[in-house]
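Engineer: Give me the fold of what follows.
(2 chains)
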Amino acid sequence: MNGSSSQVAIILYPGSNCDRDCERAFKDIFGIGLLKVWHTEVSLPKVRGLILPGGFSYGDYLRSGALASFSPIMTAIREHAKKGGSILGICNGFQILTESGLLPGTLLRNSQNQFICKKTKLISSKKDFLWKKIVSEKTLDIPVAHKDGRYYLDANGLKNLEDNDQILLTYENNPNGSAKDIAGISSPCGKILGMMPHPERAALPHRRISTDGKKILEYFLSQAL
Amino acid sequence: MKYKIDVAFKKEILDPEARAVEQSLRKKGFSAIKNITISKTFFLELEDKSDSLEEVENLARNYLTNPLSEIYVIQKIDAEQGVQGNNL
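Structural biologist: Sure, this is the predicted structure:
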């Protein structure tokens, strides 16, 4: 691996299942190999960016993402965030970020009580210059695949998200009852990103979905590298 | 000491599972049903040296519930009599 290829790590939990899609996307698009870190580790290799992949960590027991947020690697993830390192949490990764308090809100059972797996149209909401530059399209086609994707936060919290330009993406047709149609948010500084849709599944042309997800991965890298 | 911890969604949180049970039972003819809520119950037994209500509160508040969407109720379980309504 060359220098740039060891800049991003991916955390693996028992039940993670989208890590290889992420690996493939980062390798094929950016030539970046992801370092794999098992959840029982207590320290991280020297990286600038971290990915928390989708899946069903710990079988979604207790609450989706809850047990993963208690796992040994979490202390190192918090330190990474504190030092200004960037994090991308996708689907279950987003649930882990909210459960651990690194991002506000929580993800509840979809309002229709069903697992949803389909392509969604997302509206790019963040007004940040770099986000607008990289994720230039007004709408993006990226699929979702989740049962616990209904974003919830109290009214004050939602106002803070809007005031601090933390809403990344909203659904054009809200599939799960999320507050304010929210599909993804960021920390106030934009370094920590969490989203229910799967950008890694819509990044490579051979997947025949779209390649809009590539822009999200690009934005994450712009924050990380 | 044993403890019983009930965790339920706050009133303002939609629980689609409870709504589905409610609707199905109404359709079945139980028209008197006004509302159904579903809660999770944890039974907890602590080592004597850490046995304190503060420790149970800590577990309930910071781990067993998500304070944004859930509330909890802790009950001590009497070893002889159990909690009323339970067969423990």
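Engineer: Contacts made by the longest helix seen in chain A with the rest, please.
Structural biologist: Assignment by DSSP state H gives helix A:213-224 as the longest helix of chain A. Here helix A:213-224 makes contact (C-beta atoms under 8 Å, 6 or more residues apart in numbering or on different chains) with A:7-8, A:25-26, A:29-30, A:32, A:48-49, A:51, A:85-86, A:88, A:130-131, A:134-137, A:140, A:142, A:190-191, A:193, A:195, A:197-203. Placement of C-beta: from N, CA and C, glycine included.
Engineer: do stretch A:164-175 as well
Structural biologist: Stretch A:164-175 is touched from outside by A:110, A:116, A:118, A:120-128, A:131, A:139-140, A:144, A:149, A:160-161, A:178, A:180-188, A:193, A:195, A:197, with contacts defined as C-beta under 8 Å, 6+ apart.
Engineer: what is the rounded mean pLDDT of it?
Structural biologist: Averaged over stretch A:164-175, pLDDT sits at 97.
Engineer: end to end, how far does it reach?
Structural biologist: In stretch A:164-175, first residue to last residue: 25 Å (C-alpha to C-alpha, to the nearest Å).
Engineer: likewise stretch B:22-32?
Structural biologist: 11 Å.
Engineer: what residues does it touch?
Structural biologist: Contacts with stretch B:22-32, where a contact means C-beta under 8 Å, 6+ apart, come from B:I33, B:N35, B:I36.
Engineer: How far off centre is it?
Structural biologist: 23 Å (C-alpha atoms, centre = their mean, to the nearest Å).
Engineer: Okay, buried residues for it please.
Structural biologist: B:E22 (16 or more other C-beta atoms under 10 Å in any protein chain shown).
Engineer: Could you do stretch A:112-123 as well?
Structural biologist: For stretch A:112-123, the neighbour count (16+ other C-beta under 10 Å) marks A:I116, A:T120, A:L122 as buried.
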